[in-house]
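A.B. asks: A structural model of the following input is requested.
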Amino acid sequence: MTALRDVDAQQLAASTSLAARFYTNTAIAEMERTAIFARHWQLVAGLSQLRDRGDHVVTEIAGTPVIVLRDEAGNLRAFHNVCRHRAGPLARCDGRGAKVLRCGYHGWTYGLDGQLRAATEMQDACDFKVSEVRLPEVSVATWRGLVFVALDPMLTLEDLLRGTERLLGDRDFSDYRFDRRQGFPVPCNWKVYADNYLEGYHVPHIHPALNLLLDYRNYVTETEHWHSVQWSPMEGDGRIYRDGIALYFYIWPNLMLNILPDRLQTNRIVPLAIDRCRIDFDYFYPEGADADERRVADQDFSEMVQAEDAEICERVQKALASGSYVPGRLNPKRENAVFHFHEQLRAAYRATIV
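C.D. replies: Below is the predicted model:
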């Protein structure tokens, strides 16, 4: 019973962090894969990456390879990226203008609607019908110019993102162009990285340059049912960023939207093992935005901050695995979004245990 008590709901003013076992036990990672990642929406692309027929992106959701594409009729579709013959890949990387999906293992060919069109040298197979084979389909939806997929969603994308409009207003990213993706491997559990993102408490101590950009005294963190947002006035010198508001959204379970003037950066935490994850940084800029020099400076700055985060997250993961750590008290003012995230996790764990 003692082990089960640490998933009970808490109150913010008296809250503690999650127990170390949730960051170090491989059984927890498997539970999260089925109870969390297979049940919730994952950001996979911007609309600029899927504008024309045959444009496609590949990803993996809860261990399942997925391909998202624009079909012949111009609709967005998502399928398992797994040939129904012997599990070969239909696409190994993102691409443009594909006319068909052809398995790289044995050449079976599918239409952009997921229907098998040709199976090489299968004419002697008894009772085999090409027309009866198709790829399993995956839910796909869009929001403000971003494309999401889900294997078995427990709620709609609209419900997941309800409440974000209060700070976003009518801001839309449909005219933002995808610039590049940078993947950062980090030797920590995915939740260690999420916990770190969810509070500005560490900014003055870990990120000296970022601390100069943000107004820590007026740094605000708010929570909704399925997301939290941190926001702060910016005190930049104009070389990289204009004056404005920095918005940092965390969308359950593993998505970050970093919104600065004339820049959207999305981060998706991809669990790789109990003590390893990868952070996919995607950079988007408005069409016709400032030239490459400012973009390079923006990305260099982001990578510097990421390196600082990765270093502290690695140290925290080692400490969690040491046997020394017992759950510490959370700061109600500065770590309310960490508490909010932990309550979402505890609820998911309780539902699985029941």
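
A.B. asks: got the contact list for A297?
C.D. replies: Neighbouring residues of A297 by CB atoms under 8 Å, 6 or more residues apart in numbering: 239-240. Bear in mind the C-beta positions are built from the backbone N, C-alpha and C, glycine included.

A.B. asks: That one: which element?
C.D. replies: Assessed by DSSP states H and E, A297 sits inside helix 292-320.

A.B. asks: where does this protein dip in pLDDT?
C.D. replies: Applying pLDDT under 70 to the chain flags residues 1-4, 236-238, 289-291, 354.

A.B. asks: For it, which segments count as helices?
C.D. replies: For the chain, the helices defined by DSSP state H cover 2-5, 21-24, 26-32, 157-161, 165-168, 190-197, 203-206, 208-213, 292-320, 336-353.

A.B. asks: which of the residues in the helix holding A297 are buried?
C.D. replies: Neighbour counts over helix 292-320 (16 or more other CB atoms under 10 Å) mark 294-295, 298-299, 302, 305-306, 308-310, 312-313, 316-317, 320 as buried.

A.B. asks: Report the angle between that helix and helix 190-197.
C.D. replies: With axes from the mean of the first three to the mean of the last three CA atoms, to 10 degrees as the basis, helix 292-320 and helix 190-197 are set at 120 degrees to each other.

A.B. asks: roughly how far is helix 292-320 from the heart of the chain?
C.D. replies: 17 Å (CA atoms, centre = their mean, to the nearest Å).

A.B. asks: now do stretch 266-273
C.D. replies: 6 Å.

A.B. asks: swap in stretch 32-48?
C.D. replies: The answer for stretch 32-48 is 7 Å, by CA atoms, centre = their mean.

A.B. asks: Let the chain start at 22 from now.
C.D. replies: Fine by me, first position is 22 from now on; the one you just mentioned is stretch 53-69.

A.B. asks: mind saving the C-alpha coords of that stretch as PDB?
C.D. replies: Extracted C-alpha coordinates of stretch 53-69, given in PDB (Å, rounded to 0.1, in the frame of the first residue of the first chain):
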ATOM      1  CA  GLU A  53       3.400   5.400 -19.700                       C
ATOM      2  CA  ARG A  54       3.800   4.100 -23.200                       C
ATOM      3  CA  THR A  55       0.400   2.500 -23.200                       C
ATOM      4  CA  ALA A  56      -1.500   4.700 -20.800                       C
ATOM      5  CA  ILE A  57      -0.200   8.100 -21.800                       C
ATOM      6  CA  PHE A  58       1.600   8.200 -25.200                       C
ATOM      7  CA  ALA A  59      -0.700   5.900 -27.000                       C
ATOM      8  CA  ARG A  60      -3.800   7.800 -25.700                       C
ATOM      9  CA  HIS A  61      -2.800  11.400 -26.400                       C
ATOM     10  CA  TRP A  62      -2.100  13.700 -29.300                       C
ATOM     11  CA  GLN A  63       1.400  14.200 -30.600                       C
ATOM     12  CA  LEU A  64       2.700  17.100 -32.700                       C
ATOM     13  CA  VAL A  65       4.300  15.900 -35.800                       C
ATOM     14  CA  ALA A  66       4.700  18.800 -38.300                       C
ATOM     15  CA  GLY A  67       3.700  22.200 -39.500                       C
ATOM     16  CA  LEU A  68       1.300  22.600 -42.400                       C
ATOM     17  CA  SER A  69       4.200  24.000 -44.500                       C
END
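
A.B. asks: Check the offset of stretch 90-108 from the chain's centre.
C.D. replies: With CA atoms, centre = their mean as the basis, stretch 90-108 stands 21 Å off its chain's centre.

A.B. asks: Same question for that stretch: list its buried residues.
C.D. replies: Of all the residues in stretch 90-108, those buried under the rule 16+ other CB under 10 Å are 90-91, 97-106.
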